[in-house]
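**Student:** what shape does this take:
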Amino acid sequence: MKDIRLYEQILGLDKPWRVAEVKLDVGAEKVDLWLEHSAGAKWCCPKCGRDSKGYDHSGERTWRHLDTCQFKTLIHARVPRVECEQCGVKQVKVPWAEGQGGFTLLMERLIIDLLQECKNIKGVCKILDIHWESCFRVMKQAVRRGQLRKQVLGTRYIGVDEKAFRRGHNYVTLVCDLQEGTVEWVAEDRKVESLQSYYEQLRPKQREEIEAVVMDMWPAYIKATRDGLSEGQEKVVFDRFHVMKELNMAVDMVRKQENRALRKEGDDRLKKTKYFWLFSHENLPERYEHSFEKLRRSELKTARAWHLKELLRHLWDYKRMGWALKFFDQWYRRAIRSQLEPIKRVARKLQRHLYGIVAYCKYPLTNGVTEGLNSKIMAVKRLVGGFRNIDNFKTAIYFYCGGLELYPR
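**Tutor:** Numbering: from 1, shown residues only. Modelled structure (predicted):
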């Protein structure tokens, strides 16, 4: 009798439910509980809440509960069904579990906590002695629950980036809330339709509330934003780090070409200097300063390319778009006259995308938050050894980076 009352208190059972029997199996290291409800109990429809008459009972179901002194605890019960005049025959809700899952509410909370800490389903399965499919079902249900609860408020600033799903050209598109630091949308591939699907599921008012979309210069994302938002092109902000990455690649291309030419003449000045030119002037490590000083002041083509790259960084210091445009025009003329083909190629590309580069004056935003979430996703992916199924990958991203309310109530 004491055992029965103890478990009724632990489970928080209220009338009409009660613990009918407790059975301890020391050999199997488990505790079995059988729950019953009082005869003539009144039920309500789980869908509309209307008082309904009993119809029948389903077969006995089993739920895994928190362990009792390291003994696996299982709850058994036959759940009644009601016949609602409006909704038909429905199974009633039980106070210790949610939906059709095989775990109690408290057990689900523990699984979610362990998943958040371990970031590895296999590790959680090993700790709790549960199957991978059961554990992942809890994760999937938590994401579905969180997305239903999420308050869809206006998102002013979003960041768009792609994430590799597996080797080769297999990507997903991530849409992030730059203010909240959460992943709002995950879509397969990095096509126009990938980002378009995000805009299409928003209400017209939510689309109007978007003020800026930070992205790299990927044509598909630009087109999707132009078509998906009113005055979409004016809301595009190209991420400054992606812009500078383009110039760094151009500088490195100049270095490679010049290094090959110099080595034919027996000049090894540019040998093993790749990373010198990728640093900005103030971030160059002290151990490289003396060697680099001679190189950057030399007549080398790479030095000229590096100076042009460093000069463009001042573009993001301007607060007024007019002055930024004037500065870029001067820089562009110098770049075109440089006779450095990689630099000229990037300069022309930047001129075509100038509207989104100088938009930084109005919206001083970068994709730093998105890149941070990208790194977090990469860490999760590395811990689990990758994902075979893209839907499972998307579920994991929402679970760890979606900012969702995951726990059952």
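
**Student:** C-alpha from now on. contacts and neighbour counts both.
**Tutor:** Noted.

**Student:** which stretches of the stretch 51-200 of the chain form strands?
**Tutor:** 51-68, 71-84, 88-91, 157-166, 170-177, 182-188 (DSSP state E, counting those that start in this stretch).

**Student:** those strands: which one's closest to residue 297?
**Tutor:** strand 157-166 (37.3 Å; CA to CA).

**Student:** most remote residue from this structure's center?
**Tutor:** residue 265 (51.0 Å; CA atoms, centre = their mean).

**Student:** how about the helices in the stretch 151-300 of the chain?
**Tutor:** Along the stretch 151-300 of the chain, counting by DSSP state H, counting those that start in this stretch, helices occupy 192-200, 204-209, 219-228, 240-264, 286-296.

**Student:** need those helices in JSON lines with distance to residue 60 and mean neighbour count, can you?
**Tutor:** Conversion of the helices of the stretch 151-300 of the chain to JSON lines gives the following (distance: least, CA to CA, whole Å; neighbours: other CA atoms under 10 Å):
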{"stretch": "helix 192-200", "distance to residue 60": "43", "mean neighbour count": "19"}
{"stretch": "helix 204-209", "distance to residue 60": "46", "mean neighbour count": "14"}
{"stretch": "helix 219-228", "distance to residue 60": "51", "mean neighbour count": "18"}
{"stretch": "helix 240-264", "distance to residue 60": "59", "mean neighbour count": "18"}
{"stretch": "helix 286-296", "distance to residue 60": "72", "mean neighbour count": "13"}
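
**Student:** using CSV, lay out these together with distance to residue 61.
**Tutor:** As requested, the helices of the stretch 151-300 of the chain are arranged in CSV below (distance: least, CA to CA, whole Å):
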stretch, distance to residue 61
helix 192-200, 40
helix 204-209, 44
helix 219-228, 48
helix 240-264, 55
helix 286-296, 68
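
**Student:** will you turn these into a markdown table that also has distance to residue 38 and mean pLDDT?
**Tutor:** Converted to a markdown table, the helices of the stretch 151-300 of the chain look like this (distance: least, CA to CA, whole Å; pLDDT from 0 to 100):
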| stretch | distance to residue 38 | mean pLDDT |
| --- | --- | --- |
| helix 192-200 | 50 | 95 |
| helix 204-209 | 50 | 92 |
| helix 219-228 | 57 | 96 |
| helix 240-264 | 67 | 93 |
| helix 286-296 | 79 | 81 |
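
**Student:** any idea which of these gets closest to residue 395?
**Tutor:** Nearest to residue 395, of the helices of the stretch 151-300 of the chain and by CA to CA, is helix 192-200 at 16.3 Å.

**Student:** output the contacting helices and strands for the closest one.
**Tutor:** Packed against helix 192-200, as judged by 3 or more CA pairs under 8 Å, 6 or more residues apart in numbering; DSSP states H and E, are the following elements: strand 170-177, strand 182-188, helix 219-228.

**Student:** grab the nearest non-local neighbour of residue 280.
**Tutor:** Distance criterion CA to CA, 6 or more residues apart in numbering; nearest residue to residue 280, sequence neighbours excluded, is residue 310 at 6.8 Å.

**Student:** that neighbour touches residue 278, doesn't it?
**Tutor:** No - counting by CA atoms under 8 Å, residue 310 does not reach residue 278; the two are 10.1 Å apart.

**Student:** can you tell me the helix or strand for the residue nearest to residue 280?
**Tutor:** Taking DSSP states H and E as the criterion, residue 310 maps to helix 301-312.

**Student:** what's the angle between that helix and helix 286-296?
**Tutor:** Helix 301-312 runs at 110 degrees relative to helix 286-296, counting by axes from the mean of the first three to the mean of the last three CA atoms, to 10 degrees.

**Student:** ok, then the element right after helix 301-312?
**Tutor:** Taking DSSP H and E, what comes next after helix 301-312 is helix 321-336.

**Student:** name the surrounding residues that touch the helix or strand following that following helix.
**Tutor:** Next along the chain after helix 321-336, taking DSSP H and E as the criterion, comes helix 341-352. Identification of contacts with helix 341-352 by CA atoms under 8 Å, 6 or more residues apart in numbering yields 243, 246-247, 250-251, 253-254, 305, 332, 335-336, 338, 357.
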